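Undergrad: okay, structure incoming, though there's no sequence with it:
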């Protein structure tokens, strides 16, 4: 890769939309641009380069990006009036899906890049500065981008994301990911372990393993055989200083028995799993091309709870998918009642151009979608509140990650991914500490540090 620019310091502003993989990608974009002089800044005003790292999952994703571009444009014009130049780039899934249409509609955009091409950003920057913009790079390279990315930098906090798998071969009828992220690809075990050790040396005590279908992981191990995600987790757990492991997002079709078993065998793997089902109706699951049934999903849940009785579960749900009847929706409500979730995400179906479901004739009326979503979210919110209340009186380790509103007030993360507020926690930032839960709110917990000489489990 060429680095044709001088290393004079320039300001880089990245706005990240959507998933945790995008958060990881944004961090790696900053790593790629650092050798040619770009340093992160917290606002677009005065930046030399702005990157919108976009997501295509939410409703009206493209319009939100164009709206943000409109807000950034005056900063670019101000920069130009001062005799300087601001580059604007659109990356991520909207960039991949829209391509040159973005520059046609917003000609002040200099670069459009896809999720698989950001390792070539220095060359794109050089071309944009030399030729005045109009750079579009949406190619899916023969060599995976991970092979050419620079060494990861230290994380900004005690939790870090680590991409282990990318892409999707599932082709759910509502989803654009296979088209914007490409086919499933798994990084090698050695590459992942090496990056994990760098992140831990940089201060991370918790790693979240990322992938569009993370439990489809099948990376090459040192024994020249493909390793499963369970094997990878066991290897990562041996890293000294790494105290917590999580992974997301999983697909029920790839929830193998060895991965279920590792939830019971490995204490560093947190007792929380996000396992999307989308619908409780087998008819809808078939229409979505999920290739599993509600009964398959419930069997997995039973196995998980047998392996790890205290595991907390999260999921994704879509209501109002084309053709969804009242009976289909009732099946979803019944499944939610049966499982009992600690947390979940639920959305009204929205059409994604280019996906099979977008052209389905039996689109559901928006009012019907809204009423169903309200009912489902009411049930999910009650379940979350009940789960939070059940933690009152319990003691578990909390990783303090950010400051609260008051002096000495810190906010941390429980093993179940709940936010935990603790006052009088001065000097505990970045530490893993035993906390007794004293109060449960709908979306968070409050607690008190256990005051004995074993309370601090991991120091910064």
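TA: Yes, it's here. This is a predicted model, so every value here is computed, not measured.
Undergrad: residue ranges for the helices of the protein, please.
TA: Along the chain, the segments classed as helices by DSSP state H run 20-33, 61-81, 92-98, 100-105, 121-131, 177-180, 189-201, 229-236, 257-265, 282-287, 294-307, 326-339, 366-390.
Undergrad: among these, which is the most enclosed?
TA: For these, the largest average neighbour count (mean count of other Cβ atoms under 10 Å) is found in helix 92-98, namely a mean of 25. (C-beta placed from N, C-alpha, C; glycine too.)
Undergrad: which strands and helices lie in contact with that helix?
TA: Counting by 3 or more Cβ pairs under 8 Å, 6 or more residues apart in numbering; DSSP states H and E, the packing neighbours recorded for helix 92-98 are strand 49-54, helix 61-81, strand 111-113, helix 177-180.
Undergrad: for the third one, buried residues please.
TA: Okay, so that is strand 111-113. For strand 111-113, the buried set under the neighbour-count rule, 16 or more other Cβ atoms under 10 Å, comprises 111-113.
Undergrad: that older thread, quick one: the helices of the chain as a markdown table, columns for distance to residue 275 and mean pLDDT too.
TA: Formatted as a markdown table, the entries for these read as follows, by distance: least, Cβ to Cβ, whole Å; pLDDT from 0 to 100:
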| stretch | distance to residue 275 | mean pLDDT |
| --- | --- | --- |
| helix 20-33 | 15 | 88 |
| helix 61-81 | 24 | 91 |
| helix 92-98 | 22 | 85 |
| helix 100-105 | 34 | 91 |
| helix 121-131 | 34 | 92 |
| helix 177-180 | 17 | 80 |
| helix 189-201 | 22 | 94 |
| helix 229-236 | 13 | 98 |
| helix 257-265 | 11 | 98 |
| helix 282-287 | 14 | 98 |
| helix 294-307 | 7 | 98 |
| helix 326-339 | 10 | 98 |
| helix 366-390 | 14 | 97 |
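Undergrad: distance to residue 243 for those helices - can I get that in CSV?
TA: Supplementary listing: these in CSV, determined by distance: least, Cβ to Cβ, whole Å:
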stretch, distance to residue 243
helix 20-33, 19
helix 61-81, 36
helix 92-98, 31
helix 100-105, 42
helix 121-131, 33
helix 177-180, 31
helix 189-201, 9
helix 229-236, 11
helix 257-265, 16
helix 282-287, 37
helix 294-307, 21
helix 326-339, 28
helix 366-390, 23
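Undergrad: quick one, which of those is nearest to residue 345?
TA: Set against residue 345 and scored by Cβ to Cβ, the helices of the chain come closest in helix 366-390, at 8.7 Å.
Undergrad: next, the angle from the closest one to helix 326-339.
TA: Between helix 366-390 and helix 326-339, the angle comes out at 10 degrees (axes from the mean of the first three to the mean of the last three Cα atoms, to 10 degrees).
Undergrad: so residue 445 sits against residue 390, correct?
TA: No. The pair residue 445 and residue 390 fails to qualify as a contact (Cβ atoms under 8 Å) at a distance of 10.8 Å.
Undergrad: which residues touch the closest residue to residue 242 other than its chain neighbours?
TA: For residue 242, the nearest residue in space outside its immediate sequence neighbours is residue 200; the separation is 5.1 Å by Cβ to Cβ, 6 or more residues apart in numbering. Counting by Cβ atoms under 8 Å, 6 or more residues apart in numbering, residue 200 makes contact with 207, 239-242.
Undergrad: cutoff 7 Å now
TA: 239, 241-242 (Cβ atoms under 7 Å, 6 or more residues apart in numbering).
Undergrad: repeat that for residue 293.
TA: Residues near residue 293 by Cβ under 7 Å, 6+ apart: 282, 285.
Undergrad: now swap in residue 133 and tell me
TA: By Cβ under 7 Å, 6+ apart, the residues touching residue 133 are residue 110.
Undergrad: can you rerun that using 8 Å?
TA: With contact set as Cβ under 8 Å, 6+ apart, residue 133 has these partners: 87, 103, 108-111.
Undergrad: of all those, which comes closest to residue 54?
TA: Distances from those to residue 54 were compared by Cβ to Cβ; the smallest belongs to residue 109, at 11.9 Å.
Undergrad: I'd say the closest one and residue 91 touch.
TA: No. Counting by Cβ under 8 Å, residue 109 does not reach residue 91; the two are 10.9 Å apart.
Undergrad: ok, the buried residues of strand 111-113 vs residue 384, which is closest?
TA: residue 113 (37.5 Å).
Undergrad: out of the helices and strands packed on helix 92-98, flag the one nearest residue 368.
TA: Nearest to residue 368 among the helices and strands packed on helix 92-98 is helix 61-81 (22.9 Å), distances taken as Cβ to Cβ.
Undergrad: ok so, going back, so can I have CSV of the helices and strands packed on helix 92-98 showing distance to residue 437?
TA: Formatted as CSV, these follow (distance: least, Cβ to Cβ, whole Å):
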stretch, distance to residue 437
strand 49-54, 36
helix 61-81, 37
strand 111-113, 45
helix 177-180, 37
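Undergrad: which stretch among these comes nearest residue 218?
TA: Within the helices and strands packed on helix 92-98, the stretch nearest residue 218 is helix 177-180; the backing value is 17.2 Å (Cβ to Cβ).
Undergrad: who does the closest one touch, helix- and strand-wise?
TA: In this structure, helix 177-180 makes packing contacts with helix 92-98, judged by 3+ Cβ pairs under 8 Å, 6+ apart.
Undergrad: and residue 176, what pLDDT?
TA: According to the prediction, residue 176 has pLDDT 81.
Undergrad: please apply the same query to residue 8.
TA: At residue 8, the model reports a pLDDT of 69.
Undergrad: same check, this time on residue 57
TA: The confidence metric pLDDT takes the value 66 at residue 57.
Undergrad: neighbours of the spatially closest residue to residue 49 that is not a sequence neighbour, how many?
TA: Among residues not flanking residue 49 along the chain, residue 87 sits closest, at 4.4 Å (Cβ to Cβ, 6+ apart). Here the neighbour count serves as a burial measure; for residue 87 (other Cβ atoms under 10 Å) it reads 23.
Undergrad: for residue 87, give me its contacts.
TA: Counting by Cβ under 8 Å, 6+ apart, residue 87 has contacts 48-50, 110-111, 125, 128-129, 133.
Undergrad: quick revisit: do you know how far the residue nearest to residue 242 is from residue 402?
TA: With distances taken as Cβ to Cβ, to the nearest Å, residue 200 is found 20 Å from residue 402.
Undergrad: does residue 40 touch residue 15 like I think?
TA: No. Counting by Cβ under 8 Å, residue 15 is not a contact partner of residue 40; they are 11.6 Å apart.
Undergrad: can you give me the first-to-last residue distance of stretch 433-450?
TA: Using Cα to Cα, to the nearest Å, the gap from the first to the last residue of stretch 433-450 comes to 8 Å.
Undergrad: for stretch 416-424, that is, sorry about that
TA: Across its full length, stretch 416-424 reaches 23 Å end to end, with Cα to Cα as the criterion.
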